[in-house]
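1. Got a sequence here, can you model it:
(chains A and B)
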Amino acid sequence: NAGVTQTPKFQVLKTGQSMTLQCAQDMNHNSMYWYRQDPGMGLRLIYYSASEGTTDKGEVPNGYNVSRLNKREFSLRLESAAPSQTSVYFCASREDSSGANVLTFGAGSRLTVL
Amino acid sequence: GQSLEQPSEVTAVEGAIVQINCTYQTSGFYGLSWYQQHDGGAPTFLSYNALDGLEETGRFSSFLSRSDSYGYLLLQELQMKDSASYFCAVRLNTGFQKLVFGTGTRLLVSP
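-> Residues are numbered from 1 along each chain as shown, chains lettered A, B, ... in the order given. Sure thing, here's the model as predicted:
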């Protein structure tokens, strides 16, 4: 059972380049999330998806787009990367039926924008 | 809006007890969770309080008081491996699946 898998683990971009972070979960969870983590800022929600085909903005959505094409996969796209988007990105999924706020996180994707 | 505030850093010695506080301002939420994150790793779930009161899971306990807009994580019999960052989180009732995190507390355990 792999849990939540993110790719790539590391990426260096130049300002203005685009890229997509991929995330897949094999736990049959409905809810999926993208967070970014910066030093001293904690985890900030970028976008989330309550179910296949639905997405909604979180706290810091500007400069990002997401796609939830199926239940397993939730991708995050940077259309024109900026140095301010240098961060560690975490994808997570949530088991809905228990009612508890239990997120399972991927290992993270470390992005540097030069 | 919503905010969850935590102390930035807490230090303690092995074997001691430490409490990490989380004070929040939010319009409404379903419950308070706690996560642990070691350096370079991903956050992992520790505890959840749906209702006011104390929840105990081994050496870790978590407490919630909605009337005081306050919760805490209590770690007993501290071990070196407990050195990590700890985050509180709430699931808002304005967006059913929206889960937001606190600012995080770095715990340093010394011998």
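
2. Name the residues of stretch B:6-26 that are buried.
-> When neighbours are counted by 16 or more other C-beta atoms under 10 Å in any protein chain shown, the buried residues of stretch B:6-26 are found to be B:Gln6, B:Val10, B:Ala12, B:Val18, B:Ile20, B:Asn21, B:Cys22, B:Thr23, B:Tyr24. C-beta: built from backbone N, CA, C; applies to glycine.

3. For those, which two are the farthest from each other?
-> B:Ala12 and B:Tyr24 (23.5 Å; C-beta to C-beta).

4. List the residues that contact the one residue sitting closest to the centre of chain A.
-> What sits nearest the mean C-alpha location of chain A, by C-alpha atoms, centre = their mean, is A:Trp34, with 2.7 Å. Applying C-beta atoms under 8 Å, 6 or more residues apart in numbering or on different chains to A:Trp34 gives the contacts A:21, A:23, A:45-48, A:58, A:64, A:66, A:74, A:76, A:89-92.

5. got a winner among these for most neighbours?
-> The residue in the contacts of A:Trp34 with the most neighbours, by other C-beta atoms under 10 Å in any protein chain shown, is A:Cys91 (30 neighbours).

6. wait, doesn't B:Gly31 sit right on B:Arg91?
-> Yes: the pair B:Gly31 and B:Arg91 passes the contact test of C-beta atoms under 8 Å, sitting 6.2 Å apart.

7. Would you mind telling me which of those two has the busier surroundings?
-> Neighbour count, other C-beta under 10 Å: between B:Gly31 and B:Arg91, B:Arg91 has more, with 23 against 16.

8. Where does the more buried one sit, in terms of helix or strand?
-> strand B:84-92 (DSSP states H and E).

9. Give me the packing partners of that strand, helices and strands only.
-> Other elements packing on strand B:84-92 under the criterion 3 or more C-beta pairs under 8 Å, 6 or more residues apart in numbering or on different chains; DSSP states H and E are strand A:42-51, strand B:3-5, strand B:18-25, strand B:29-37, strand B:70-75, strand B:99-101, strand B:105-110.
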